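Chemist: Have a look; sequence and predicted model below, questions after that.
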Amino acid sequence: MSTTTVETSAQETRTGRTADPKGGIRRRGDNSLLGSLASHGILIVGSLIALFPIAWLIFLSLGPDKDDYLHPGDIWGKMTFDNYSFVLTETNFFDWLKSSLIVSLGTTVIGVMIAATTGYAVSRMRFPGYRKFMWVLLVTQMFPIAVLIVPMYQILSEFQLIDTYLGLILVYCSTAVPYCAWLLKGYFDTIPFEIDEAGRVDGLSPFGTFFRLILPLAKPGLAVAAFYSFITAFGEVAFASTFMLSDTKYTFAVGLQSFVSEHDAQRNLMAATAVLVAIPVSAFFYLVQKNLVTGLTAGGTKG
């Protein structure tokens with residue numbers, strides 16, 4: 001092997017380029033045309049699979065008859081927005097919206113606050129049983145909802161919290177807090193401990209350090225925890241249908257059940273309501289989307 005060949009190979013190694021058989025130079029990591037077409041094809045197919053249920057739901061919501069889902073081809077000739085106008089004017093839609101937002105936002109604020117303080121305490125402080133404490137939180141997620149409904153109903157009855165927003169918020173927090181605490185604990189582990197020490201040098205208390213220094217750095221993790229808490233409360237059915245007794249206090253998930261009776265199901269109205277229900281969730285996702293990916297990836301770097 002000549003000196004020129006050795007120098008050329010070394011230069012290609014340093015620059016990360018390889019010679020193309022056709023005489024061109026291809027950078028390391030560049031995909032071939034076939035690989036690029038395959039990857040884009042897979043992404044297109046995956047996107048279509050994800051979007052098809054949403055498009056199908058919107059399409060069915062435009063059918064005027066409750067049995068149009070059996071003959072979807074007939075909807076093309078009679079599309080109408082009457083289902084949406086009926087849901088907005090003839091049902092308790094706005095009461096369901098108010099209840100859903102109160103419960104979901106309340107669960108998000110209270111749940112994330114409790115989970116953040118719990119995750120930070122376990123991440124920074126070494127008290128007896130701190131490891132077992134996190135495992136206890138994880139064990140609480142193992143019990144099915146059917147097992148928890150009866151004892152929770154008795155507890156809420158004793159505190160006169162049946163058919164109240166606060167009672168349902170506390171029930172949802174019992175589900176959201178354990179997972180969010182684990183998530184935020186992993187995220188707080190990625191924040192250097194030197195920041196806490198700098199806060200103490202500046203005269204901040206532990207709470208001051210947490211609220212003024214740590215929380216601003218943990219926004220991506222908080223966004224993920226907030227999104228999870230919001231979705232958990234917004235779409236839950238079993239607890240809401242058991243603990244909320246007034247029609248005006250039903251959440252969206254429970255309100256959808258009013259379109260289903262023992263012998264009938266108004267699927268066109270259910271589809272229209274489901275489309276309207278998705279709007280608040282989509283808006284909330286839009287607000288936190290910038291921090292979701294960062295929070296999901298960073299929270300898993302340390303245990």
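Modeler: Received, thanks. In this text the structure is predicted, and so the values were computed from the model without any measurement. Numbers count the residues shown, from 1 in each chain.

Chemist: Tell me where the model's unsure across the stretch 1-150 of the chain.
Modeler: 1-31 (pLDDT under 70).

Chemist: for the stretch 151-300 of the chain, same thing?
Modeler: Residues of the stretch 151-300 of the chain that meet the cut-off, pLDDT under 70, sit at 262-263, 291-300.

Chemist: In the stretch 1-150 of the chain, mark out all the strands, start to finish.
Modeler: Assigned by DSSP state E, counting those that start in this stretch, the stretch 1-150 of the chain shows strands spanning 17-19, 25-27.

Chemist: Identify the residues contacting Val136.
Modeler: Applying Cβ atoms under 8 Å, 6 or more residues apart in numbering to Val136 gives no contacts. For glycine as for every other residue, the C-beta is placed from the backbone atoms N, C-alpha and C.

Chemist: Burial check on Pro64, number of neighbours?
Modeler: 14 (other Cβ atoms under 10 Å).

Chemist: show me what contacts it?
Modeler: 78, 80, 82-83, 268.

Chemist: Inside helices: which ones of those?
Modeler: Taking DSSP state H, the ones among the contacts of Pro64 that sit in helices are 82-83, 268.

Chemist: Distance to Leu60 for the residues you listed - can I get that in a markdown table?
Modeler: A markdown table is the format used below for the ones in helices among the contacts of Pro64 (distance: Cβ to Cβ, whole Å):
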| residue | distance to Leu60 |
| --- | --- |
| Asp82 | 14 |
| Asn83 | 9 |
| Asn268 | 7 |
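
Chemist: Now tabulate the residues you listed in CSV and tack on neighbour count.
Modeler: As requested, those are exported to CSV (neighbours: other Cβ atoms under 10 Å):
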residue, neighbour count
Asp82, 14
Asn83, 24
Asn268, 25
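
Chemist: nearest to Ala226, of these?
Modeler: Asn83 (31.9 Å; Cβ to Cβ).

Chemist: how far away is the closest residue to that closest one other than its chain neighbours from Leu138?
Modeler: Distance criterion Cβ to Cβ, 6 or more residues apart in numbering; nearest residue to Asn83, sequence neighbours excluded, is Ala272 at 3.7 Å. As judged by Cβ to Cβ, to the nearest Å, Ala272 and Leu138 stand 40 Å apart.

Chemist: where do the helices sit along the stretch 151-300 of the chain?
Modeler: 165-189, 194-201, 206-209, 215-217, 219-235, 238-243, 252-255, 267-298 (DSSP state H, counting those that start in this stretch).

Chemist: Is it possible to get TSV of those helices that adds distance to Thr89?
Modeler: TSV is the format used below for these (distance: least, Cβ to Cβ, whole Å):
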stretch	distance to Thr89
helix 165-189	25
helix 194-201	54
helix 206-209	49
helix 215-217	43
helix 219-235	23
helix 238-243	24
helix 252-255	15
helix 267-298	12
